[in-house]
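Using only what follows, build the 3D model:
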Amino acid sequence: MRIIELLDKKSISLSAAPKTKNECLDMAVDLMDASGKLKDKEAYKKLVYAREEESTTGVGEGIAIPHGKGDCVEQPGLAAMVIKDGVEYEALDDEPVNILFLIAAPDTEDNVHLDVLSKLSMMLMDEDFRKNLIEAKSEDEFLDIIDKADEERGSVDESLAETSIADDNSGSLKVVAVTSCPTGIAHTYMAAEGLEKAAGKAGIKIKIETRGSSGTKNELTADDIAAADCVIVTADAKVPLDRFKGKKLIQRKVADGINKADELMGIVQAGTASIFEGEGDSTASESGSADGGSGGAGHKVYTWLMSGVSHMLPFVIGGGILVALAFLIDTIAGYGASGGGDFGSITPLAALLKYIGGLSMGLMVPVLAGYIAYAIADRPGLAVGFVGGMLASSGNAILSGYTFAEGALVDGKPLGAFSEFLSKFAFQQPDGGNTVSGFLGGIVAGFLAGFLVLGIQKVCSKLPEAFDGLKPTLIYPLVGIFLEGIIMCFVLNPLIGLANTGLSNMLTSISDAGMITALGLILGAMMAIDMGGPINKAAYVFGTGMLATASQYMAQGIPSSDPKVEACYIAMAAIMVGGMVPPVGIALACWIFPKKFTKAERGSAVSNVVMGASFITEGAIPFAAADPLHVIPCTMVGAGVAGFLAALFKCTLMAPHGGVFVFATVGNPLMYIVAWLVGSIVTCFMLGLIKKPVVQ
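You can find the predicted model right below:
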């Protein structure tokens with residue numbers, strides 16, 4: 001079958017000018033429908049959009065190959081669009097798409113068309129071929145260009161089989177590779193073509209196995225694998241890995257075979273790929289990484305961290321918006337100015353929403369830690385990570401809540417030396433600092449849990465086989481949770497407590513010295529360093545303490561206009577505006593600098609505005625956790641500027657929470673909004689300046 005047999009003139013547009021990706025896809029589906037290849041246009045369109053939800057079909061180099069396969073397709077077909085001015089398509093290289101081929105495949109056993117489509121995908125990797133298609137003056141010329149290239153090029157099988165390495169004696173480096181994608185129509189073969197070209201450029205001999213919809217082609221033999229110096233797997237679908245045990249293995253997503261093939265060959269030449277030990281699952285997809293990705297160990301750490309962040313995000317967004325709604329309901333009920341510390345839970349509906357939302361947000365740090373550990377040590381790490389995250393978010397238990405707080409047991413017996421040691425160091429003292437380590441502690445707890453479990457697994461590998469059934473259900477969780485808990489309670493959380501005590505003393509000293517603008521700057525910045533963690537909480541507790549002090553002053557007959565009372569309210573204003581900046585500043589950056597953020601991050605921008613406006617700083621946590629070295633300095637500076645300006649303008653706040661819903665209690669509200677917006681803009685443009693573009 002020839003490629004042009006699938007491509008009707010009616011389904012070609014050489015002057016398309018869509019403004020958006022969705023418009024582009026809709027136009028392509030209309031072209032496909034015009035050729036009469038579809039039974040049900042709307043059902044087919046849903047398949048095409050569903051495929052885009054899995055991952056973008058904009059593969060880079062100005063190419064997009066969307067596709068849909070199902071019973072709604074009458075006959076296999078192609079539709080083609082040339083978009084001379086390009087269209088933003090969320091492509092893997094973030095560049096506009098200039099040429100698009102839409103594929104329609106029927107869900108039948110006869111897959112002869114798949115070989116043809118696979119061949120077209122590989123042909124599109126040729127820059128001259130793409131250029132000629134874009135410059136075609138008519139549909140006939142467009143078809144002639146495709147047919148000529150089709151005739152000159154061998155079949156997919158012939159193209160790949162030429163690269164066998166088993167009998168090569170040239171002395172060059174040898175590589176075997178596997179490419180695979182979920183649908184196995186286009187990306188599988190484009191990755192194979194990309195790897196083959198990069199290998200030829202680097203002087204590396206390569207044989208590539210493709211695992212597509214039409215089955216496994218050019219399957220690697222035991223001799224090929226034995227002869228290889230390195231193995232490359234670029235896959236978004238499961239492929240068997242056990243055959244590569246003992247070989248250097250580079251494992252990436254299929255898109256890297258298309259766009260980063262030269263980089264992969266560089267890793268082969270450098271010899272830095274890790275040896276595959278064959279442990280764990282004998283199949284893997286792109287979620288794993290045997291070479292650690294483009295940044296080696298750094299990329300591994302990033303991948304583990306993002307596993308936690310991606311699972312945490314729904315808890316932050318869902319819970320945060322419910323809490324914001326609770327404040328809104330109390331405001332509508334008329335309690336915005338008089339609710340005080342109970343604001344957000346005065347009316348029954350508000351209290352219910354705040355309770356549910358609070359529970360959801362309370363889970364975010366345990367989920368973060370749990371899934372970091374899961375990414376490192378697989379399922380055995382999950383329980384250990386969750387417990388570590390709970391300890392990070394809850395802190396050590398308060399000693400005064402136990403019967404032995406006074407140094408004796410319930411029946412009056414004195415504590416022994418060991419029990420005395422535990423009571424002093426494993427529990428927060430009644431007058432001690434806060435021991436909640438928040439999301440930064442959760443990150444540490446997650447990594448600690450993952451590596452603890454890996455260590456326990458290594459030790460347990462020497463146990464007799466009779467213990468294999470006990471390892472995952474008893475030994476790993478018992479030993480792991482115990483060690484994780486000891487380290488969190490005796491090392492990390494107490495250190496956080498000492499730091500918080502010092503911070504509180506420092507803030508009190510600055511306040512007593514009358515340095516109100518400096519205090520505003522520091523309080524604002526503290527709110528944005530760890531977003532709900534110990535530093536944030538230290539600032540917030542100081543602010544609520546200042547509100548209590550103001551109440552005491554006024555109870556003594558001191559007027560609210562007295563500088564001492566005003567200073568208390570100014571401190572609280574600086575704290576709240578500082579906490580409102582990070583989510584809003586990040587949301588602005590998502591809109592103004594979209595290439596700096598992933599699709600999922602950009603999708604949460606609106607919810608971040610809602611949370612920022614509601615004084616829920618935690619909306620910024622997923623962004624800070626994903627890229628702390630770039631995000632935290634930006635949020636800290638922006639929040640510090642906002643706190644400084646609020647203090648400089650002598651803005652006051654009499655409520656401990658609520659964001660825009662308690663602006664009725666703000667003194668000098670117009671300048672307070674100015675301070676908030678300026679701080680958010682500072683954060684936004686700092687992110688645009690120093691944050692690196694992400695690989696989508």
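
Could you list the low-pLDDT ranges of the stretch 551-696 of the chain?
551-552, 554, 560, 656, 694-696 (pLDDT under 70).

Give the other helices and strands that the longest helix along the chain contacts.
In terms of residue count, the longest helix belonging to the chain (DSSP state H) is helix 297-332. Other elements packing on helix 297-332 under the criterion 3 or more Cβ pairs under 8 Å, 6 or more residues apart in numbering; DSSP states H and E are helix 348-362, helix 364-377, helix 438-460, helix 605-613, helix 621-626. To be clear about C-beta, it is placed using only N, CA and C from the backbone, and glycine gets the same treatment.

Any buried residues in the third one, and which?
Buried residues in helix 438-460, counted by 16 or more other Cβ atoms under 10 Å: 438-450, 452-454, 456-457, 460.

list the helices and strands that helix packs on?
So helix 438-460, by 3+ Cβ pairs under 8 Å, 6+ apart, packs with helix 297-332, helix 364-377, helix 379-394, helix 476-487, helix 534-555, helix 621-626.

tell me which residues of the last one are tucked away?
So the one you mean is helix 621-626. For helix 621-626, by 16+ other Cβ under 10 Å, it's 621, 622, 623, 624, 625, 626.

And the third one, how far from residue 253?
Which is residue 623. For residue 623, the distance to residue 253 equals 22 Å [Cβ to Cβ, to the nearest Å].

got it, and the last one?
With the distance defined as Cβ to Cβ, residue 626 ends up 18 Å from residue 253.

Count the residues that sit near the closest residue in space to residue 386 that isn't next to it in sequence.
The spatial neighbour of residue 386 that comes closest, neighbours along the chain excluded (Cβ to Cβ, 6 or more residues apart in numbering), is residue 370 at 3.9 Å. When neighbours are defined as other Cβ atoms under 10 Å, residue 370 has 30 of them.

same check, this time on residue 467
So residue 467, with other Cβ under 10 Å, has 12 neighbours.

Thought residue 475 was touching it, still the case?
Yes - taking Cβ atoms under 8 Å as the definition, residue 467 is a contact partner of residue 475 at 7.3 Å.

Quick check: neighbours shared by these two?
Among the neighbours of residue 467, those also in contact with residue 475 (Cβ atoms under 8 Å, 6 or more residues apart in numbering) are residue 460.

re the thing from before, how about the contacts made by the residue nearest to residue 386?
Counting by Cβ under 8 Å, 6+ apart, the residues that residue 370 touches are 308, 311, 381, 382, 383, 385, 386, 389, 446, 449.

Would you map the strands across the stretch 101-250 of the chain?
With strands called from DSSP state E, counting those that start in this stretch, the stretch 101-250 of the chain shows them at 174-180, 205-212, 215-217, 230-235, 239-240, 248-252.

So for residue 137, which of those sits nearest?
Residue 137 lies closest, by Cβ to Cβ, to one member of the strands of the stretch 101-250 of the chain: strand 205-212, at 33.9 Å.

any idea of the mean pLDDT in the closest one?
Averaged over strand 205-212, pLDDT sits at 86.

so what strands line up beside it?
strand 174-180 (parallel), strand 215-217 (antiparallel) (DSSP bridges).

residues in contact with residue 471?
380, 457, 460, 463.

Which stretches in the stretch 101-250 of the chain count as helices?
112-123, 127-134, 139-152, 156-161, 187-202, 222-227 (DSSP state H, counting those that start in this stretch).

and of these, who's closest to residue 210?
helix 187-202 (5.2 Å).

how far does that closest one sit from the chain's center?
A distance of 28 Å separates the centroid of the chain from that of helix 187-202, by Cα atoms, centre = their mean, to the nearest Å.

Quickly name whichever of the contacts of residue 471 is closest to residue 559.
residue 380 (62.7 Å).

Could you count how many residues lie near residue 231?
24.

Am I right that it is in contact with residue 246?
No - under the criterion of Cβ under 8 Å, residue 231 makes no contact with residue 246, lying 10.2 Å away.

sorry, back to before: tell me the one among the contacts of residue 370 nearest to residue 64.
residue 311 (29.7 Å).

In contact with the closest residue to that closest one other than its chain neighbours, which residues are there?
Nearest residue to residue 311 in three dimensions, chain neighbours excluded: residue 371, at 4.2 Å (Cβ to Cβ, 6+ apart). With contact set as Cβ under 8 Å, 6+ apart, residue 371 has these partners: 307, 308, 310, 311, 312, 382, 385, 446.
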